[in-house]
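Undergrad: Pasting a predicted model and its sequence here:
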Amino acid sequence: MSDLALSKACTALDPIQHMLSTDVGIGLKPEHFKEILQFLPELGFFEIHAENYMVDGGPLHFYLSKIREHYPLSIHGVGLSIGAQAPVDEAHLDRLNLLLNRYQPELFSEHLAWSTHQGHYLNDLLPVPYTQQSLKHICEQVDHVQTRLGRRMLLENPATYVEFDNSDMTEEVFITEIIKTTGCGLLIDINNVYVSCINHHRDPLGYIQALPLTAVGEIHLAGFATDQDSDGSPLLIDSHDSEVAAPVWNLYQKALQLMGPRPTLLERDGNVPGLAVLHEEAKQAKVFLMIQAEQQLRSPYA
Amino acid sequence: MHNAFNESLLNPDAAIPKGLACWNQTDCYERFSVYRNNVMSSLINVLAGNFPVIEQLVGQRFFRAMAKEYVMQCPPDVPMMVKYGRSFAKFIHDFPPARSIPYLEDIAKLEFAIQESRHAADVQPIQLSKLINLIEDQNKLNSTGLLLAPSTQLLNSAFPLASIWFAHQPQAEIQLNTIALDQAENVLLTRPQLDVDIHRIDLGMAKFINSLLKGLSVTQAAELASEFSFEPVAAIQRLIKQNAIVDLIDLPFKGAML
């Protein structure tokens, strides 16, 4: 079956409008704007960090608007701080609403993390203790965000380096409860799964199997850096500055077998290479998605 | 938990928060340090991205040490990183190790202004017919101001601000050591299309634009500028070329009073 025919066949199965479950996207970087518009590379979508485009005008909006004419878009927030002590910042929600209304992205996602505290923005995705109390608070925040924005959001699993003494449930249970309570979707970051599971000595595949995979609306893939903790045990860092590592590709394929193809994004935020290099990495993900899509068509009840 | 995290993240000498856990029962120090490093290095990188000429002027090591102090004292207050560093110039002014480069503060102001100009709201330039009608009507000139594009910024410096900035651009045509550092410069930023243009302007033009930005009428602005050598028609033409005039502002009362 040709790629196109297969893609078309998958559309019917896919609840996401204008985006196919076999689409692969890359993060949109200003240094690639002109090249993208000149060559219109065969990519399924682009993803932006919402906060980078929260400006009034100028070249960022000019190029994003042009690129939006040709590609589906995913807007990925990094600053909503759903896991903060305080409720989410209404001014930030307003900015987000403006951006979503302007660009009408196919996907919108945010993180299970916090990044603001008492008026400070810390520019990192900080961990949340998994307690009944934090669960209730975060569900209220997700509910509020979805109501205010009038759309379903996808929540991304975090990469973490520490855990908390007072956590009384696993991350998988915590995420599952949020999805059950709020109806939000899941953005499963396979690199984060791998990084966190190595850091906390758990089984990455078992982690994935414990999640409600029918809620997955998008997959993230990225590279990590390797360090050690005080004891010499491996400490992986979600660095987004290198290619996807072999064990993460491996886990991605296993995850696809469990949940079927899902729109997949290659994230690269540091040491950003040329567009061609990112496109090659995207093609690798596309191969795995198409293999999975074909298997599903052959045995739809498998 | 959030308080303890916040304090330890922004203070490298503080103890790590209590209540952290990890599978191998280690002290969690290295693990928590990942967050500390992420916060500090990512914010220093943001400042290096927003103030590239400052980094070139002081060198990477000095820049990172200075930026670290700034991050600890003034962490961002919004999650939009293009807006981080509004108070960096003031911080530099008050930072004793930076005093050996007296123009550093002004360069920081210029770099932040360039950033603001680049991301300012898009506006349509004024229709030329509107301006022509205005210029032909002396009475109206007296009671009309000009609304300038939000990307318009004016900086006055006792130093050759723009020249120093130009000398630090790729393929710069001027070298820092050929610039007379006691030359004051007035700098105008405009954004005719997508890119910010940086103009060195004379005192008359600076006075004229400053007066327009304050909301004075074209006549008043030109009168104030005429203290220096000034040609109003050429000045307006220059602003038109830069797509910097957006609209006319009616100032009937202000004009009549003065």
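TA: All right, it came through fine.
Undergrad: show me where chain A has strands.
TA: With strands called from DSSP state E, chain A shows them at A:24-27, A:45-49, A:73-76, A:107-111, A:114-117, A:120-126, A:154-156, A:163-164, A:185-189, A:216-221, A:225-228, A:234-237, A:264-266.
Undergrad: now swap in chain B and tell me
TA: Going by DSSP E, chain B shows strands at B:20-21, B:144-148, B:153-157, B:185-190, B:197-201, B:245-250.
Undergrad: how about these, which one is nearest residue A:122?
TA: Closest of these to residue A:122 is strand B:20-21, at 16.7 Å (criterion: C-beta to C-beta). Where you see a C-beta, it was placed from the backbone N, CA and C, and this is true even at glycine.
Undergrad: Which secondary structure elements does the closest one sit against?
TA: Using 3 or more C-beta pairs under 8 Å, 6 or more residues apart in numbering or on different chains; DSSP states H and E, the elements in contact with strand B:20-21 are strand A:163-164.
Undergrad: and for the strand it packs on, what are the contacting residues?
TA: A:127, A:129-130, A:200, B:1, B:19-23 (C-beta atoms under 8 Å, 6 or more residues apart in numbering or on different chains).
Undergrad: ditto for stretch B:125-142
TA: B:144, B:149, B:217-220, B:233, B:236, B:240, B:243-248, B:255.
Undergrad: tell me the two of these that are most distant?
TA: Spatially, the most separated pair among these is B:243 and B:255, at 25.9 Å (C-beta to C-beta).
Undergrad: Confirm for me that residue A:165 is in contact with residue B:20.
TA: Yes - at 7.3 Å, residue A:165 counts as touching residue B:20 under the criterion of C-beta atoms under 8 Å.
Undergrad: The two: which is more packed in?
TA: residue B:20 (21 against 9; other C-beta atoms under 10 Å in any protein chain shown).
Undergrad: what's across from that one in the sheet?
TA: Here residue B:20 sits in beta bridges with residue A:164, going by DSSP bridges.
Undergrad: Now do the contacts for it.
TA: Taking C-beta under 8 Å, 6+ apart as the test, what residue B:20 contacts is A:162-165, B:28, B:31-32.
Undergrad: Buried residues, stretch A:208-223. List them.
TA: A:208, A:211, A:215-223 (16 or more other C-beta atoms under 10 Å in any protein chain shown).
Undergrad: Is it positioned near chain B?
TA: No - using C-beta under 8 Å from any C-beta of the partner chain, stretch A:208-223 stays clear of chain B, with a minimum separation of 14.4 Å.
Undergrad: ok, whichever residue of chain B sits closest to chain A - contacts?
TA: Residue of chain B nearest chain A, by C-beta to the nearest C-beta: residue B:79 (2.7 Å). Counting by C-beta under 8 Å, 6+ apart, residue B:79 makes contact with A:51, A:54, A:78-79, A:81, A:92, A:115-116, A:121, A:123.
Undergrad: Report pLDDT for residue 112.
TA: I'll assume chain A. pLDDT, residue A:112: 98.
Undergrad: sorry, should have said chain B
TA: 98.
Undergrad: Flag every residue of the stretch 151-258 of chain B that's near chain A.
TA: Applying C-beta under 8 Å from any C-beta, one finds that the stretch 151-258 of chain B approaches chain A through B:151, B:191, B:194-195.
Undergrad: Go again with 10 Å.
TA: B:151, B:191, B:193-196 (C-beta under 10 Å from any C-beta of the partner chain).
Undergrad: Can you turn the buried part of these into a ChimeraX selection?
TA: To isolate the buried members of these in ChimeraX, using 16+ other C-beta under 10 Å:
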select /B:151,191,196
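Undergrad: Where do the helices of the chain begin and end?
TA: Defaulting to chain A. In chain A, helices defined by DSSP state H lie at A:3-11, A:33-39, A:59-68, A:90-103, A:132-149, A:171-182, A:190-199, A:204-209, A:246-259, A:275-298, listed in chain order.
Undergrad: Correction: the question concerned chain B.
TA: So, for chain B - with DSSP H - the helices run B:2-10, B:29-50, B:52-58, B:60-73, B:88-93, B:104-118, B:128-135, B:138-141, B:161-167, B:203-213, B:218-225, B:232-241, B:252-257.
Undergrad: re the thing from before, next, give phi and psi for the residue of chain B closest to chain A.
TA: phi -80, psi 10 (degrees, to the nearest 10).
Undergrad: go on, residue A:269?
TA: According to degrees, to the nearest 10, residue A:269 has phi -110, psi -20.
Undergrad: In JSON lines: the strands of chain A, plus distance to residue B:9.
TA: Below are the strands of chain A laid out as JSON lines (distance: least, C-beta to C-beta, whole Å):
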{"stretch": "strand A:24-27", "distance to residue B:9": "25"}
{"stretch": "strand A:45-49", "distance to residue B:9": "21"}
{"stretch": "strand A:73-76", "distance to residue B:9": "23"}
{"stretch": "strand A:107-111", "distance to residue B:9": "17"}
{"stretch": "strand A:114-117", "distance to residue B:9": "9"}
{"stretch": "strand A:120-126", "distance to residue B:9": "6"}
{"stretch": "strand A:154-156", "distance to residue B:9": "21"}
{"stretch": "strand A:163-164", "distance to residue B:9": "16"}
{"stretch": "strand A:185-189", "distance to residue B:9": "22"}
{"stretch": "strand A:216-221", "distance to residue B:9": "24"}
{"stretch": "strand A:225-228", "distance to residue B:9": "18"}
{"stretch": "strand A:234-237", "distance to residue B:9": "16"}
{"stretch": "strand A:264-266", "distance to residue B:9": "28"}
